[in-house]
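[1] mind looking at a prediction? Sequence and model below.
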There are 2 protein chains.
Amino acid sequence: MAKNKEAKNLDTSTEEKIIQAASKVFTQKGYVATRTRDIAEESGINLALLNYYFRSKEKLFQLIMAEKLQLLFSVILPIVNNDDLTLEEKMETLVENYINLLVDNPDLPLFVLGEIKANPEGFKERLQVRKLLQNSSFIRQLRERRPDVEPLQFITSLLGMTLFPFIAKQILFADEKTFKIQMEKRKALIGRWAKMMLET
Amino acid sequence: MAKNKEAKNLDTSTEEKIIQAASKVFTQKGYVATRTRDIAEESGINLALLNYYFRSKEKLFQLIMAEKLQLLFSVILPIVNNDDLTLEEKMETLVENYINLLVDNPDLPLFVLGEIKANPEGFKERLQVRKLLQNSSFIRQLRERRPDVEPLQFITSLLGMTLFPFIAKQILFADEKTFKIQMEKRKALIGRWAKMMLET
DNA sequence: AAATATTTTAATCAAATGATTAAAACACAT
DNA sequence: ATGTGTTTTAATCATTTGATTAAAATATTT
């Protein structure tokens, strides 16, 4: 058996190459628009290998999607319940981490939101962002600071300001380079704006 | 010829039924995920009629997309260059009109943005939102008020706060009813927040 | 009512696409 | 080197899907 020898070239193993290609093509084009042949070509391997390794397009997609959801959650989770951070620090860290993530993965928001809309049932279980936020210290802090403002409304704005430019990039920004520059500046901008929005 | 008699039942004419169905299915599922058979079924007509009336799926799609773009533009255009409106009035009207439009057409943003990303070339010509805003009185007023803030950054935030909830609805809000209630409240909220963001 | 034009349908085609299969190429232990 | 198990490929299948066609049904004109 060559089970243990897989590790030697894990980075360039066929399996890994397919995953990398699938990640790229799926996030760029979405599930339905992606043909298994696209992924095979991008991987530099034959079409049959996809089904040999991952059984089906659907299975491969589930793998990639789980990866991407994990990526998005891993930004929120460590922050919203960290009792060592003030409200301001939470907002700043959240925005900065998200923009850092999205500059490297600009297709992520439209991809994930699009797939959720295309198949809401498939995500009902996995996505309890609402429940997750519900009892967070982030929400508690928001309630204390501004008891008159619905926390979810504020969070929606914070996320909207942060994610929306990556969703509407094609429309709003001229080219990739100026976009990245603006996104760097944007970290501080959103931080300031969010604080202003909380003033009485 | 029966050319002039078409008017008698324009609302329920086959052509109109197909357009209505196409509008619904396309905006819900996007171009690639939509099958011409879906539209035919939704119209209550036979598949062959689609190609008889509209020649191809692509042509029908172009028609619907032009309609939707028009819808989105028609909110912005009359406002951003209206010299009778103050900066605050512009922002308030923009937000209110957009939320009104989106409550009735919640699929619009994700649909349009998704299709633009799927085929950027096809929109390069038609979408000069940037140029359109560039010389608007809206931008001029923003520059006067806050010369230190890039206007596009502010507009991105305004649009993000307004559009994002409709894009992330599935994730952030529990059910359709509470969502609509929150969106009504949101008009005033964004208005207030936008003004706060402009304070020095 | 007959003739003509328009609308609608059932049946079918061709291309695209996800998946399978059987055989070839390769790696590695003995 | 040989044999054994693993990896990779070319060829092929079955289904889906956009589109077409020829004929039937319906409406309109004369």
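    Now that the structure is in, tell me what you want to look at. It should be emphasised that the depicted structure is a prediction, and the values quoted were computed from it without experimental measurement.

[2] list phi and psi for the residue nearest the centre of chain A.
    In chain A, the centroid-proximal residue (Cα atoms, centre = their mean) is residue A:72; its distance is 3.7 Å. For residue A:72, the backbone dihedrals (degrees, to the nearest 10) come out as phi -70, psi -40.

[3] what sits against it?
    Each residue near residue A:72 by Cβ atoms under 8 Å, 6 or more residues apart in numbering or on different chains is listed here: A:101, A:108, A:112. Any C-beta I mention is one placed from the backbone N, CA and C, and that applies to glycine too.

[4] which of these fall in helices?
    Using DSSP state H, the members of these that fall within helices are A:101, A:108, A:112.

[5] what is the nearest of these to DNA strand C?
    Ranked by distance to DNA strand C (Cβ to the nearest atom of the strand), these are led by residue A:112 at 19.7 Å.

[6] now for the closest one, how many residues are close by?
    Here the number of neighbours of residue A:112 (other Cβ atoms under 10 Å in any protein chain shown) works out to 20.

[7] shouldn't it be in contact with residue A:68?
    Yes - here residue A:112 lies in contact with residue A:68, judged by Cβ atoms under 8 Å, at a distance of 5.8 Å.

[8] and the helix or strand containing residue A:103, how far from the chain's centre?
    Element membership of residue A:103, judged by DSSP states H and E, is helix A:87-104. Mean-position distance between helix A:87-104 and its chain equals 12 Å (Cα atoms, centre = their mean, to the nearest Å).

[9] and it, is it in reach of chain B?
    No - on the criterion Cβ under 8 Å from any Cβ of the partner chain, helix A:87-104 is out of touch with chain B, staying 11.6 Å away.

[10] over to stretch A:147-155?
    Yes - contact of stretch A:147-155 with chain B (Cβ under 8 Å from any Cβ) involves A:149-150, A:152-153, A:155.

[11] swap in stretch A:38-55?
    No - Stretch A:38-55 is not in contact with chain B by Cβ under 8 Å from any Cβ; minimum separation 12.6 Å.

[12] does DNA strand C sit close to that stretch?
    Yes - using Cβ under 7 Å from any atom of the strand, stretch A:38-55 reaches DNA strand C at A:47-48, A:50-52, A:55.

[13] quick one: buried residues of that stretch?
    A:38-40, A:42-43, A:45, A:49-50, A:54 (16 or more other Cβ atoms under 10 Å in any protein chain shown).

[14] for stretch A:155-170, same thing?
    For stretch A:155-170, by 16+ other Cβ under 10 Å, it's A:155-170.

[15] also stretch A:134-147?
    Using 16+ other Cβ under 10 Å as the burial criterion, the residues of stretch A:134-147 that qualify are A:136-139, A:141-142, A:146.
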